[in-house]
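Enquirer: Got a predicted structure here, sequence first:
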Amino acid sequence: MSTPTPRVQVPRTAAKGGIIQIKTLIEHQMETGLRRDSKGEVIPRKIINQFVCRYHDEVVFSVDLNEAVAANPYFEFYLRATTSGRLDFVWKEDGGRVFALRHDLLWSGDDGATTKRRGARRCLARLAVEMQNVGCMPRGIQHS
């Protein structure tokens, strides 16, 4: 059996009071304990039995799972971003194993500064590509 692999998809930034979409997936076989192996022995149950998402150490989404959940559980939910902060994602497996991911959500605030910085970075990146295409890339500017 492979090691379960958790993944999350969260926007890098959020506007004050904005609602963001969060998607989570964990690659997990979710063995129900109802099947038998080639020798006729019962394959022990091993499922993800709980998923919790915390925002600023407060539970914002939680679900208890059972055998009826398919392999690779996927959850999609929405969250109102009130401030910058940490999002913690925790999956618990039968037997006590825990899989966790952390994401720092940046709040763009009221002034739109994050959007302006992102736009400036895009503009510089376009300029670097154009300069590279015509062969006049100045020293110190790198295109990634």
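Expert: In hand now; what should we look at? Residues are numbered from 1 along each chain as shown.
Enquirer: got the residue ranges for the strands in this protein?
Expert: Using DSSP state E, the strands of the chain run over 5-9, 13-14, 19-27, 48-55, 58-64, 74-80, 85-93, 98-107.
Enquirer: could I get those as TSV with mean neighbour count, mean pLDDT and distance to Leu34?
Expert: (Glycine included, C-beta is placed from N, CA and C.) Shown next, in TSV, are those (neighbours: other CB atoms under 10 Å; pLDDT from 0 to 100; distance: least, CB to CB, whole Å):
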stretch	mean neighbour count	mean pLDDT	distance to Leu34
strand 5-9	14	95	24
strand 13-14	19	86	42
strand 19-27	16	96	21
strand 48-55	19	97	15
strand 58-64	12	96	19
strand 74-80	13	96	22
strand 85-93	18	96	17
strand 98-107	14	92	23
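Enquirer: of all these, which lies closest to Asp37?
Expert: Of all the strands of the chain, it is strand 85-93 that lies closest to Asp37, at 19.7 Å by CB to CB.
Enquirer: Quick one: work out the angle between the closest one and strand 5-9.
Expert: 150 degrees (axes from the mean of the first three to the mean of the last three CA atoms, to 10 degrees).
Enquirer: what pairs with strand 85-93, and is each one parallel or antiparallel?
Expert: Looking at strand 85-93 with DSSP bridges, its partner strands are strand 48-55 (antiparallel), strand 98-107 (antiparallel).
Enquirer: Can you check which of the strands of the chain gets nearest to Gly33?
Expert: Comparing the strands of the chain by CB to CB, strand 48-55 comes nearest, at 11.8 Å.
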